[in-house]
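Novice: generate coordinates for the sequence data below:
(one chain, ligands or ions: 1)
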Amino acid sequence: MIRGKFITLEGGEGVGKTTNLAFIKSCLQQYKVTVALTREPGGTELAEKIRQLLLNKEGETITEQAELLMIFAARAQHIKHVIEPALAQGNWVLCDRFTDATYAYQGGGRNISKFTIEWLENLVQGNLKPDLTILLDAPIEIGLARAKARANLDRFEAEKTIFFEQVRQSYLSQAAQYPERIKLINANQPLAHVQKELAEILETFFQ
Ligand code: Z5A
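Specialist: Numbers count the residues shown, from 1 in each chain. Predicted structure coming up:
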């Protein structure tokens, strides 16, 4: 059995990750691969419960360390019960956010050291890394306006502007550091243009 590929979709609030997941899935299916769609935090029963705790604005304050550990606890469940079994069966996994989000939000946004995140990444993931990551990027005011128009703001979305700037800069510096894996798309353009670029990236990936 040939192991499947692991593709992740990243970016700040409202850049269009959820909107484009189904499009990416349909592109991948043209290449005759079976695709499992999933997301982080989440993807298993327990990880979805952790997601609810993380997004909930009510109740006691979640410390930065607790937030980081909850994210990796959810990720450990997700890898063991969903991602690894799917890849081992030859399926492709398309995941809405993964560890690049941890470097961006907990590293960039919360100032947790890269070494701490790396340590947890090694513990929880071992050798598992995405084969391809697509980073949708837009100015934060554009993404936040889209997110606000859509629903009530969650605990992350209620953060201050500086937090989102740090998240965005962290994502962009990761894209500069790993250009082979992370493909950057300007999400501040009409959806049809974004999807044309997405299709081109996937076509290149399959060559
Ligand atoms: N988090 C973390 O801190 N650390 C981690 O390691 C991980 C996650 C994995 C939940 O993620 C939170 O978890 C997240 C970070 C944290 N923080 N927040 N907030 P999430 O993925 O559920 O949260 P999200 O980024 O807020 O998702 P979102 O708001 O659903 O954004 P999106 O999926 O990128 O956007 P969308 O729903 O596809 O689009 C938003 C609107 O824009 C919608 O009405 C679209 O129709 C519209 N749209 C999309 N593209 C376009 C274009 N091109 N033009 C015009 N309008 C568009």
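Novice: tell me what the one helix or strand in the chain whose mean pLDDT sits lowest is packed against?
Specialist: Least confident helix or strand of the chain, by mean pLDDT, DSSP states H and E, is helix 140-150 with a mean of 86. Contacts defined by 3 or more Cβ pairs under 8 Å, 6 or more residues apart in numbering; DSSP states H and E place helix 140-150 against helix 161-177. (Each C-beta comes from the backbone N, C-alpha and C, glycine too.)
Novice: which positions within the helix it packs on qualify as buried?
Specialist: By neighbour count on 16 or more other Cβ atoms under 10 Å, the buried set for helix 161-177 is 163, 164, 166, 167, 168, 170, 171, 172, 174, 175.
Novice: does the fourth one touch residue 103 like I think?
Specialist: No - applying Cβ atoms under 8 Å as the test, residue 167 and residue 103 come out as separate, 9.6 Å apart.
Novice: what residues does the protein have near the ligand?
Specialist: 11, 13-19, 40-41, 71, 96-97, 101-102, 105-106, 146-147, 150, 154, 156-157, 187, 190-191, 194 (Cβ under 6 Å from any ligand atom).
Novice: how about the residue nearest to the spatial centre of the chain, nearest residue that isn't a chain neighbour?
Specialist: For the chain, residue 97 is the residue whose C-alpha lies nearest the centre (Cα atoms, centre = their mean; 1.2 Å). Nearest non-adjacent residue to residue 97, counting by Cβ to Cβ, 6 or more residues apart in numbering: residue 40, 4.6 Å away.
Novice: quick one: the strands in the chain?
Specialist: 6-11, 35-39, 92-96, 132-137, 182-186 (DSSP state E).
Novice: quick one, which of the ones you listed is packed in tightest?
Specialist: Stretch with highest mean neighbour count among the strands of the chain: strand 6-11 (a mean of 24; mean count of other Cβ atoms under 10 Å).
Novice: now residue 76: how far from residue 43?
Specialist: The gap separating residue 76 from residue 43 is 11 Å, by Cβ to Cβ, to the nearest Å.
Novice: and those two? Which one has more around it.
Specialist: More crowded of residue 76 and residue 43, by other Cβ atoms under 10 Å: residue 43, with 24 against 17.
Novice: isn't the residue nearest to the centre of the chain up against residue 10?
Specialist: Yes - under the criterion of Cβ under 8 Å, residue 97 makes contact with residue 10 at 6.1 Å.
Novice: so what sits against both of the two?
Specialist: The contact sets of residue 97 and residue 10 overlap at residue 17 (Cβ atoms under 8 Å, 6 or more residues apart in numbering).
Novice: thinking residue 76 is in contact with residue 124, fair?
Specialist: Yes - counting by Cβ under 8 Å, residue 76 does reach residue 124; the two are 4.8 Å apart.
Novice: pull out the buried residues from the residues of the chain next to the ligand.
Specialist: Buried among the residues of the chain next to the ligand (16+ other Cβ under 10 Å): 11, 13-17, 40-41, 71, 96-97, 101-102, 105-106, 146-147, 154, 156-157, 187, 194.
Novice: residues contacting residue 97?
Specialist: Taking Cβ under 8 Å, 6+ apart, one finds 8, 9, 10, 17, 39, 40, 41 in contact with residue 97.
Novice: and for residue 39, nearest residue in space, chain neighbours not counted?
Specialist: residue 96 (3.8 Å).
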